[in-house]
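Novice: Make a model of this:
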Amino acid sequence: MTDGTPADLPPVASPRDPAAPGTGPGSGTGTGPAPGTGSDARTGPGTRTGPGTRTGPGPGTGAVRCPAPRPLGETRSWPRSFAGRLTAPLPGVRAFARLAREGAAAVRPGADGLRDVPKLPFAPGPLPPAGPDTVAVTWAGHASWVIRAGGLTVLADPVWSRRILGTPARVTPVGVRWRDLPPVDAVVISHNHYDHLDWPTLRRLPRTTPLFVPAGLGRWFRRRRFTCVTELDWWESAELGGVRFDFVPAHHWSKRTLTDTCRSLWGGWVLTDSHHRRVYFAGDTGYGHWFRRIADRHPGIDLALLPIGAYAPRWWLGDVHTDPEEAVRAFRDLGARFMAPMHWATFVLSSEPVMEPRTRLHAAWDAAGLPRDRLWDLAVGESRVLP
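Specialist: Take a look at the predicted model:
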């Protein structure tokens with residue numbers, strides 16, 4: 001979300017034109033076959049049985065072979081900018097002028113929108129037992145998750161801080177106390193905005209913790225003396241302890257200081273255990289063509305962790321944050337069995353009323369005719385085990 005501006009500075013509205021990656025290994029411009037081509041030797045068309053049954057082919061154009069995993073911790077060279085990956089242009093003078101005219105009302109809810117803060121879902125509980133054959137998730141709040149897969153404990157975009165730069169303090173506590181976490185085996189980072197990359201949280205980790213980060217962001221971690229930092233481009237992967245970590249595209253951008261706009265990449269992660277059970281963590285993203293491309297390359301996603309909040313006003317945030325209706329569309333594009341919403345009920349980052357994301361999500365889910373048992377509508381601190 002934030003780089004010190006009032007809200008997650010978005011590109012202004014424009015059509016979703018695919019930003020095609022390049023082809024050079026380690027070039028920072030993409031590797032492997034083009035999306036939507038070829039076949040995947042590991043999996044079939046994604047037919048499933050049991051809860052959340054999906055019968056027939058996935059929603060994309062066919063499975064795609066994934067490149068071999070990259071070595072852990074390798075040092076790589078990247079281009080100076082990833083601006084060519086944007087699917088919408090960054091804001092111009094008109095967008096900033098409108099923001100100045102509308103002021104705080106454009107990026108913060110009024111008193112009526114904040115009235116339901118006490119109703120935000122918060123139900124912390126103990127983490128479920130998780131052995132090597134278990135896939136479980138716990139929502140720590142915002143976009144932070146404790147993912148248990150293949151015997152590993154993985155933190156996704158961990159933010160345990162009470163406050164982040166440029167925003168009010170969190171309105172619900174962290175769902176899992178730091179001291180209650182099992183040993184952390186790995187961390188995945190989606191991009192460098194402050195509400196997803198939080199140094200006060202990360203500094204609590206041993207410097208030997210394996211970190212999986214977007215291309216161009218490894219230097220930030222190595223400067224802070226982390227010793228096992230794996231940078232990946234879109235459609236690349238690495239493996240740890242039998243779990244595969246695939247970095248996939250998102251409709252977003254990156255910025256942390258006044259001078260580093262789009263100097264590192266942004267994206268989501270697909271974690272796959274040895275039984276080919278898959279958890280997709282979207283990070284921050286708007287809606288667009290990438291979801292079907294992800295389904296092509298990673299058919300049979302079991303659980304999609306998708307953002308539903310920080311979407312208003314749409315003229316400011318529509319290109320980079322899905323609203324609840326778009327999140328349901330993304331879920332269907334992905335062909336996933338289950339969805340767990342995130343990126344709401346924690347920090348007040350935008351102008352929609354605080355409970356509106358859940359209300360609109362339920363309405364969109366029902367309008368799509370989707371079974372409610374496929375929606376893991378977790379409270380902050382709540383856990384669920386994949387059946």
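
Novice: what's the residue closest to the geometric middle of the chain?
Specialist: In the chain, the residue lying closest to the centroid (Cα atoms, centre = their mean) is Gly283, at 1.3 Å.

Novice: tell me the contacts of it?
Specialist: Contact analysis of Gly283 by Cβ atoms under 8 Å, 6 or more residues apart in numbering lists Ala143, Asp157, Ser190, His191, His196, Ala250, His252, Trp266, Gly267, Gly268, Trp269, Pro307. In this view, the C-beta of every residue, glycine as well, is placed from N, C-alpha and C.

Novice: Tell me which helix or strand the residue of the chain most remote from its centre sits in.
Specialist: Most distant residue from the mean C-alpha position of the chain: Arg101, 31.4 Å away (Cα atoms, centre = their mean). Using DSSP states H and E, Arg101 sits in helix 93-102.

Novice: What are the buried residues along the following helix or strand past that helix?
Specialist: With elements assigned by DSSP H and E, the helix or strand that comes after helix 93-102 is helix 111-114. For helix 111-114, the neighbour count (16 or more other Cβ atoms under 10 Å) marks Gly113 as buried.

Novice: Same question for stretch 226-238.
Specialist: Phe226, Cys228, Val229, Thr230, Glu231, Leu232, Asp233, Trp234, Trp235, Glu236, Ser237, Ala238.

Novice: which ones are touching the residue nearest to the first one when sequence neighbours are not counted?
Specialist: Going back to what we said before, that points to Phe226. Among residues not flanking Phe226 along the chain, Arg207 sits closest, at 5.2 Å (Cβ to Cβ, 6 or more residues apart in numbering). Counting by Cβ under 8 Å, 6+ apart, Arg207 makes contact with Arg224, Arg225, Phe226, Thr227.

Novice: ok, Asp233 touching Leu217?
Specialist: No. Applying Cβ atoms under 8 Å as the test, Asp233 and Leu217 come out as separate, 11.5 Å apart.

Novice: Quick check: neighbours shared by those two?
Specialist: Leu265.

Novice: What's the end-to-end length of stretch 318-332?
Specialist: Taking Cα to Cα, to the nearest Å, stretch 318-332 runs 19 Å from one end to the other.

Novice: for stretch 367-380, same thing?
Specialist: 25 Å.

Novice: repeat for stretch 189-209
Specialist: 13 Å.

Novice: Check stretch 244-257 too.
Specialist: First-to-last residue span, stretch 244-257, Cα to Cα: 31 Å.

Novice: list the buried ones in that stretch?
Specialist: So for stretch 244-257, counting by 16+ other Cβ under 10 Å, buried means 244-256.

Novice: Determine which two of the residues you listed are furthest apart.
Specialist: The span of the buried residues of stretch 244-257, defined through Cβ to Cβ, is set by Arg244 and Lys255 at 29.3 Å.
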